[in-house]
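Peer 1: Return a 3D structure for these sequence lines:
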Amino acid sequence: MKRKLILLIIASTLLLSACNQSSEETHSQELQENTVNSATSSPANDESSSSNSSTEDYSDYVGLWSTDGSRITDSGTEFNIEIQGNEITNASLYTQTSSYDRFAEVDNITGTIIDGTCTYEFTDDGWDNSGTLLIQLKDNTITIDVEDFVLSEDNVIGYGINGHYDLIKVQDDDSQTTTSDTTLNKYNDDWTEEQMLAEIDKRSHYKDETSYYPDFLRYKEVVRECTDISVDCYPLFNTDTQYYQATDFENVPPVIIHLAKNEIYARHGYIFTDEDLNNFYLTQLWYLPEVQAADFDDSVFNEYEKYNLELLSKLDTY
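Peer 2: Below is the predicted model:
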């Protein structure tokens with residue numbers, strides 16, 4: 001009996017020792033796995049932290065900017081910018097010498113902002129000029145410099161997006177300001193210059209909404225040599241008081257012939273179903289939209305208009 005007791009004690013001791021050894025090995029293995037996992041995850045965490053810390057916040061620059069901190073009423077430059085993170089997702093740069101004279105624009109501007117600077121190459125500013133915009137967003141201001149500017153061979157005026165622009169953010173209350181009297185009035189020769197400027201201002205946004213205006217303005221300035229306030233006050237041709245011949249339009253651009261044909265309708269208040277064309281005539285102070293296309297009666301045309309409409313319809317290839 002004594003011998004069996006001794007053997008039992010020895011067996012229990014050996015079993016306890018084996019359990020302790022197994023527990024120590026398991027704990028050692030867990031420590032090693034934790035160490036490996038920690039070593040593996042640390043670089044990723046460091047990289048994420050580094051990436052987050054290097055992303056600058058440009059949200060304060062989102063919105064409308066201009067040369068004097070207010071919306072353009074006569075002349076100046078506006079820059080409208082949308083930003084997500086450090087990416088310019090969409091922006092446009094617009095400048096004009098006056099509300100009735102020249103304007104140019106570069107739109108769909110995108111790019112990455114690095115250390116407050118973004119560059120964007122443009123190939124057309126409404127005058128077929130090209131160049132590179134150097135946009136700098138620093139110290140709550142935006143400056144834009146045009147580098148490598150190339151003047152189009154067809155741009156005899158020499159106007160376009162070029163030079164240096166210092167911009168100030170337009171406050172929200174100013175950016176929402178619109179002309180209180182939005183009723184359009186038809187120009188007459190008794191108007192003062194102030195009345196003309198007020199009406200031009202009301203209609204100025206239509207110039208941005210039609211593709212015809214740059215060609216029209218170029219024709220008025222280069223061919224007609226009209227660069228003053230009256231550029232939008234009168235129709236292109238006297239088709240209601242004069243018979244024209246095909247030879248009168250030999251050197252006239254197709255787009256101008258197209259506008260001359262349609263202004264016969266516009267003179268009588270015809271509202272065009274073509275939005276692009278309708279927006280163009282809304283830039284003209286002599287035009288008032290009064291008659292829907294479905295209700296228009298061409299019996300209002302006089303003999304001059306009927307004759308010239310037939311002629312211009314044959315010449316219109318635009």
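Peer 1: the strands in the stretch 151-300 of the chain, which residues?
Peer 2: Per DSSP state E, counting those that start in this stretch, the stretch 151-300 of the chain carries strands over the ranges 164-169, 270-271, 291-292.
Peer 1: Just send those strands back as TSV, with distance to S59, mean pLDDT and mean neighbour count too.
Peer 2: Every residue, glycine included, has its C-beta placed from N, CA and C. Listed next are the strands of the stretch 151-300 of the chain as TSV, based on distance: least, Cβ to Cβ, whole Å; pLDDT from 0 to 100; neighbours: other Cβ atoms under 10 Å:
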stretch	distance to S59	mean pLDDT	mean neighbour count
strand 164-169	12	93	17
strand 270-271	42	94	20
strand 291-292	45	91	13
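Peer 1: Which of those sits closest to F103?
Peer 2: Of all these, it is strand 164-169 that lies closest to F103, at 14.3 Å by Cβ to Cβ.
Peer 1: outside of that closest one, which residues touch it?
Peer 2: 61, 63-69, 77, 79, 93, 95, 140-146 (Cβ atoms under 8 Å, 6 or more residues apart in numbering).
Peer 1: picking up where we left off before, could I get the strands of the stretch 151-300 of the chain as TSV with distance to D248?
Peer 2: Converted to TSV, those look like this (distance: least, Cβ to Cβ, whole Å):
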stretch	distance to D248
strand 164-169	43
strand 270-271	23
strand 291-292	28
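Peer 1: what comes up buried for stretch 184-191?
Peer 2: 187, 191 (16 or more other Cβ atoms under 10 Å).
Peer 1: Show the end-to-end separation of it, please.
Peer 2: Terminal residues of stretch 184-191 lie 14 Å apart, using Cα to Cα, to the nearest Å.
Peer 1: now what about it, what contacts it?
Peer 2: 196, 199, 202-203, 233, 282, 285-289.
Peer 1: if you set the cut-off to 10 Å instead, what comes out?
Peer 2: Outside stretch 184-191, the residues within contact range by Cβ atoms under 10 Å, 6 or more residues apart in numbering are 195-200, 202-203, 230, 232-234, 269, 282, 284-290.
Peer 1: and if you look at stretch 293-307?
Peer 2: 238-244, 264-265, 267-274, 278, 290-291, 308-309.
Peer 1: what's the spacing between A246 and Y159?
Peer 2: 33 Å (Cβ to Cβ, to the nearest Å).
Peer 1: out of those two, which sits in the more crowded spot?
Peer 2: Y159 (22 against 10; other Cβ atoms under 10 Å).
Peer 1: Which pLDDT value belongs to the more buried one?
Peer 2: Predicted confidence (pLDDT) at Y159: the value is 85.
Peer 1: Verify the contact between it and F149 for me.
Peer 2: No: using Cβ atoms under 10 Å as the test, Y159 is too far from F149 to be in contact (12.0 Å).
Peer 1: list the residues that contact both of the two?
Peer 2: 125, 129.
Peer 1: Among the contacts of stretch 184-191, which are located in helices?
Peer 2: 195-200, 202-203, 282 (DSSP state H).
Peer 1: Now render those as TSV, adding distance to N86 and pLDDT.
Peer 2: Below are the ones in helices among the contacts of stretch 184-191 laid out as TSV (distance: Cβ to Cβ, whole Å; pLDDT from 0 to 100):
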residue	distance to N86	pLDDT
Q195	48	89
M196	45	90
L197	41	89
A198	42	88
E199	43	90
I200	40	90
K202	39	90
R203	39	92
L282	39	96
